[in-house]
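Colleague: Sequence and predicted structure are below.
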Amino acid sequence: MNFPAGVPRHIAIVMDGNGRWAKRRFLPRLAGHKQGVTALRHCTQACAERGVAVLTVFAFSSENWNRPNDEVSGLMDLLALALSREVPQLCKDGVRVHFVGNRQALSDKVRTGLEQAEAATAHNTRLVLNVCFNYGGRWDIAQAAAALAARGEAITEASLSAAMALAHVPDPDLLIRTGGEMRLSNFLLWQAAYSELVFSDRLWPEFDAAALDEAIAAYHARERRFGKTSEQIAPAQPDAAHA
Ligand code: FPP
């Protein structure tokens, strides 16, 4: 995978704050989610323009089924609508979509929409957009372990990683959560082991390209040690004898 030096190769986002954005405007929560789709479109384009190779977003968690029925059905309808509307633009922008999550509990209409969007964007190579829908980090670890057990394979870090829902992409370098909360909420529990975490007070519908650049700048200011010491990861000094 080629990517510009310094740009996070994989960015993951918990898109939080749609409800509050709507409430502040005396609008129904679903209006916030609709605005969230627009923010997602802009963020996807901004990531592609900056040379990010993978964007993974949390669109509907395993726990979101506990929301009021009208909000759950509204989110399902929104996904189906967004799928049919956004595919041409995704293709123009070179974006390949993958849906990550438990598809079994979804309606036939939503499942078919997901499959069609994946097939229609399968040839795009500029950016991979993973949409986590009916997803939970614990679900992913458990389903990977169950798949290995069913095949009688040994459970190791490598085999579990390979059986997980995001095995097709490297782990996220940068994980952003909007909306001011500072928790993972069951997102990418396995894959975020060494991700840099950046929390933004902006509500998701207000998260624009400038906010993305701020998060990338915060990522650049971090020292990624992966368990090593600062000295071990410092760039080698030019050898005076050969300078
Ligand atoms: C969290 O905000 C957001 C969600 C549960 C849904 C995220 C969905 C989108 C951004 C739209 C994209 C969706 C599809 C279907 C592709 P919240 O409702 O928890 O906000 P709050 O914390 O302010 O209440």
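Modeller: That came in fine, so what should we check first?

Colleague: ok so residue 186 is a strand residue?
Modeller: No: per DSSP: H, G, I helix; E, B strand; the rest coil, residue 186 lies outside any strand segment and is coil.

Colleague: Is it correct that it is in contact with residue 61?
Modeller: Yes: using Cβ atoms under 8 Å, residue 186 is in contact with residue 61, at 6.2 Å. From N, CA and C alone the C-beta is placed, and that goes for glycine too.

Colleague: And these two? Which one has more around it.
Modeller: The residue with more neighbours, out of residue 186 and residue 61, is residue 61; 21 against 17, by other Cβ atoms under 10 Å.

Colleague: for this structure, where's the lowest mean pLDDT among helices and strands?
Modeller: Each helix and strand of the chain was given a mean pLDDT (mean pLDDT, DSSP states H and E); the minimum falls on helix 230-233 at a mean of 72.

Colleague: Pull the distance from it to the chain's centre.
Modeller: In this view, helix 230-233 has its centroid 29 Å away from the chain centroid, taken as Cα atoms, centre = their mean, to the nearest Å.

Colleague: Please apply the same query to stretch 55-70.
Modeller: 13 Å.

Colleague: quick one: the helices in this structure?
Modeller: Residue ranges of the helices in the chain, as given by DSSP state H, are 18-24, 29-50, 69-92, 108-121, 137-150, 157-163, 209-220, 230-233.

Colleague: what does the protein put close to the ligand?
Modeller: 15-20, 33, 36-37, 40, 59, 64, 75, 78-79, 82, 131, 179, 204 (Cβ under 6 Å from any ligand atom).

Colleague: circling back to that earlier point, turn the helices of the chain into a markdown table, including mean neighbour count.
Modeller: Below are the helices of the chain laid out as a markdown table (neighbours: other Cβ atoms under 10 Å):
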| stretch | mean neighbour count |
| --- | --- |
| helix 18-24 | 18 |
| helix 29-50 | 20 |
| helix 69-92 | 16 |
| helix 108-121 | 16 |
| helix 137-150 | 15 |
| helix 157-163 | 14 |
| helix 209-220 | 16 |
| helix 230-233 | 8 |
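
Colleague: Make CSV from those helices and add distance to residue 170 to it.
Modeller: Below are the helices of the chain laid out as CSV (distance: least, Cβ to Cβ, whole Å):
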stretch, distance to residue 170
helix 18-24, 28
helix 29-50, 15
helix 69-92, 21
helix 108-121, 20
helix 137-150, 16
helix 157-163, 10
helix 209-220, 15
helix 230-233, 18
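
Colleague: How much space separates the residue nearest in space to the middle of the chain from the ligand?
Modeller: Nearest to the mean C-alpha position of the chain, by Cα atoms, centre = their mean, lies residue 56 at 1.8 Å. Distance, residue 56 to the ligand, by Cβ to the nearest ligand atom, to the nearest Å: 13 Å.
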